[in-house]
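Peer 1: Turn this into a model:
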Amino acid sequence: MSPKNPVGYFEIPVNDLDRAIRFYTEVFGYEFERTSVDSNEMAWFPINEAASGISGALAKGESYVPSTKGTLVYFNTDNIDQVLSRVNSNGGKTLYPKTSIGELGWVAEFEDSEGNRIALYSQQA
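Peer 2: Numbers count the residues shown, from 1 in each chain. Predicted coordinates for the structure are as follows:
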């Protein structure tokens, strides 16, 4: 068994990179670093190498197609209600309301500005 967690990086497909950067900046307060990789436009999410978890990028290119179907990425947050409020006021919409998963915490899902289904996770209500 590998000593590493199975997932090491993610990419969220976008149609409009500027719009997606604005959305994720307004919703989560992230700052992005833009780059180009193999003729695809990318915007890297911030990463803290000393913290647990992974990071990824917003990605625009021919092979990147936003969708509410497929792999689901969970973003950690301390306050799901506040994040969903910012989602809904910035062009996204709630798909699955904040729901308890018992002792494990709380989850919710939203559609981002590009049409992707994204999830939220919090240990606290």
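
Peer 1: how about low-confidence regions in this structure?
Peer 2: Applying pLDDT under 70 to the chain flags residues 1-2.

Peer 1: now the closest residue to Lys93 other than its chain neighbours: how far from Ala50?
Peer 2: Of all residues not flanking Lys93 in the chain, Glu111 sits nearest, at 5.1 Å (C-beta to C-beta, 6 or more residues apart in numbering). (C-beta placed from N, C-alpha, C; glycine too.) For Glu111, the distance to Ala50 (C-beta to C-beta, to the nearest Å) stands at 32 Å.

Peer 1: Neighbour count for the two, which is higher?
Peer 2: Glu111 (17 against 5; other C-beta atoms under 10 Å).

Peer 1: ok, that one touching Pro66?
Peer 2: No: Glu111 sits out of contact with Pro66 when judged by C-beta atoms under 8 Å, with a separation of 9.3 Å.

Peer 1: so after the helix with the most length in the chain, what's the next helix or strand?
Peer 2: Scanning the chain for the longest helix, with DSSP state H as the assignment, gives helix 17-28. Scanning forward in sequence from helix 17-28 by DSSP states H and E, the next helix or strand is strand 33-37.

Peer 1: returning to that earlier point: let me know the angle separating the longest helix of the chain from strand 33-37.
Peer 2: Interaxial angle, helix 17-28 versus strand 33-37 (axes from the mean of the first three to the mean of the last three C-alpha atoms, to 10 degrees): 140 degrees.

Peer 1: Kindly format the C-alpha coordinates of helix 17-28 as CSV.
Peer 2: Provided in CSV are the C-alpha atoms of helix 17-28 (Å, rounded to 0.1, in the frame of the first residue of the first chain):
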residue,chain,number,x,y,z
LEU,A,17,-11.4,31.4,-17.1
ASP,A,18,-11.8,35.0,-16.0
ARG,A,19,-15.4,34.4,-14.9
ALA,A,20,-14.4,31.2,-13.0
ILE,A,21,-11.5,33.0,-11.2
ARG,A,22,-13.9,35.8,-10.1
PHE,A,23,-16.4,33.2,-8.9
TYR,A,24,-14.0,31.2,-6.8
THR,A,25,-12.3,34.3,-5.5
GLU,A,26,-15.7,35.8,-4.4
VAL,A,27,-17.0,32.5,-2.9
PHE,A,28,-13.8,31.3,-1.1
